[in-house]
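Asker: Sequence below, structure please.
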Amino acid sequence: MITLDNRETALHSMYQEHGLLQFQNLYSRQTIDKWNKLLDPIFNQRTSTSRSYVESDELLELGILSQVMVPKLLNVISVLDPCPVFFHCCCFEIEGAQKQHHKFTSRLDGWHREPSDPRKKSVRGCRPYSIYIYLSDVNDADHGSFEIIPRYHAGPLKSNLTSCNIKGRKGTCFLWNRDLYHRFNVNRSPQRQRILKLSIQTNGWENASIQLDEFKGALSILGDHNPALSYLLGSHFKNNLSIKTIPHPRTGELPQVQPLDYSEKTLIPTKAEIMFRRIKHSVDKVLGF
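Answerer: Now for the predicted structure:
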């Protein structure tokens with residue numbers, strides 16, 4: 001395992017403290033437009049649901065996934081975990097003109113954490129994380145911006161916690177610790193919101209997702225052309241090679257990390273409001289609303 005240099009150590013420490021890294025200029029607008037042009041025909045056929053997906057094997061076949069995994073991003077991944085493996089790898093769309101949060105609607109205005117085994121850490125102590133790339137412009141909260149509470153790794157959800165509301169043009173890319181409270185704001189705009197998502201955990205732990213057909217299909221399509229991407233797609237999962245590190249030399253630069261904007265404050269519903277929402281949600285479900 002390659003020792004971290006000073007800049008890599010600083011990046012690792014930043015992730016461990018904040019649980020959020022936002023990168024600058026990792027992908028050009030022209031690259032994002034090219035990906036969207038490839039994705040448009042597929043998503044145009046999948047607009048019947050509030051959320052639609054393009055999976056890992058499709059992303060690979062389109063040539064998008066290989067272009068996502070630029071050396072700078074692979075460098076970050078191998079700094080946090082020398083034995084990384086996907087458990088999510090997809091692109092998804094959220095329909096526009098929404099009136100409520102897509103998750104945990106009846107409780108906490110969409111705020112939630114992602115449960116996982118607390119022992120699941122990389123050899124460098126990093127917990128599972130996700131990488132999001134906006135493929136559509138997110139100009140404000142009403143366009144479905146992603147919001148997260150950095151540096152709050154434990155403790156109950158409450159009002160007046162400092163949060164980071166991530167807005168930006170298409171191409172905005174950030175990495176976040178799934179232990180932190182987070183949510184998508186409601187996409188009230190008329191446009192569907194498009195995001196590319198990668199979720200990564202350390203190899204060797206239980207991972208039902210990596211055994212799904214879309215990951216096996218992606219591995220089959222990739223063959224021997226990209227050993228680092230093959231590793232992320234599960235080539236070394238649950239076999240005698242699982243202790244080997246990702247075959248990526250980590251030479252070259254790290255992406256520039258953007259300063260975080262901690263200007264938002266959480267406003268959590270009261271217990272009475274939560275109870276009322278639960279009752280209303282149950283009634284609406286019975287009535288078919």
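
Asker: Can you verify residue 57 is assigned to a helix?
Answerer: Yes. Under DSSP: H, G, I helix; E, B strand; the rest coil, residue 57 falls within a helix.

Asker: gap between it and residue 35?
Answerer: Noted for residue 57: a distance of 16 Å to residue 35, by Cβ to Cβ, to the nearest Å. All C-beta atoms are positioned from the backbone trio N, CA, C, and that covers glycine.

Asker: repeat for residue 180
Answerer: Applying Cβ to Cβ, the value for residue 180 to residue 35 is 27 Å.

Asker: How about residue 198?
Answerer: 14 Å.

Asker: where does the protein have low pLDDT?
Answerer: By pLDDT under 70, the low-scoring segments of the chain are 1, 101-107, 239-243, 273-274, 277-278, 281, 284-285, 288-289.

Asker: in it, which spans are strands?
Answerer: For the chain, applying DSSP state E gives strands covering 20-24, 51-55, 84-94, 129-134, 146-148, 162-166, 173-177, 182-184, 193-202, 256-258, 264-265.

Asker: Could you export those strands to CSV, including columns for distance to residue 7 and mean neighbour count?
Answerer: Listed next are the strands of the chain as CSV, based on distance: least, Cβ to Cβ, whole Å; neighbours: other Cβ atoms under 10 Å:
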stretch, distance to residue 7, mean neighbour count
strand 20-24, 13, 20
strand 51-55, 34, 17
strand 84-94, 19, 22
strand 129-134, 19, 22
strand 146-148, 24, 22
strand 162-166, 23, 20
strand 173-177, 16, 22
strand 182-184, 27, 22
strand 193-202, 21, 21
strand 256-258, 10, 15
strand 264-265, 29, 13
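
Asker: out of those, nearest to residue 248?
Answerer: Across these, residue 248 has its closest neighbour in strand 84-94 (9.5 Å, Cβ to Cβ).

Asker: closest to residue 244 out of the strands of the chain?
Answerer: Short answer: strand 84-94, nearest of the strands of the chain by Cβ to Cβ, at 11.7 Å.

Asker: helices and strands around the closest one, which ones?
Answerer: With contacts taken as 3 or more Cβ pairs under 8 Å, 6 or more residues apart in numbering; DSSP states H and E, strand 84-94 sits against strand 51-55, helix 56-61, strand 193-202, helix 213-222, helix 227-232.

Asker: and the fourth one, which residues are buried?
Answerer: The reference is to helix 213-222. 214-215, 217-219, 222 (16 or more other Cβ atoms under 10 Å).

Asker: Likewise for the last one?
Answerer: Going by neighbour count (16+ other Cβ under 10 Å), the buried part of helix 227-232 is 228-232.

Asker: What helices and strands are in contact with it?
Answerer: Partner elements for helix 227-232 (3+ Cβ pairs under 8 Å, 6+ apart): strand 84-94, helix 213-222.

Asker: Tabulate these (CSV), appending distance to residue 257.
Answerer: Supplementary listing: these in CSV, determined by distance: least, Cβ to Cβ, whole Å:
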stretch, distance to residue 257
strand 84-94, 19
helix 213-222, 29
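
Asker: Out of the ones you listed, which is closest to residue 117?
Answerer: Per Cβ to Cβ, nearest to residue 117 of those: strand 84-94, 12.4 Å.
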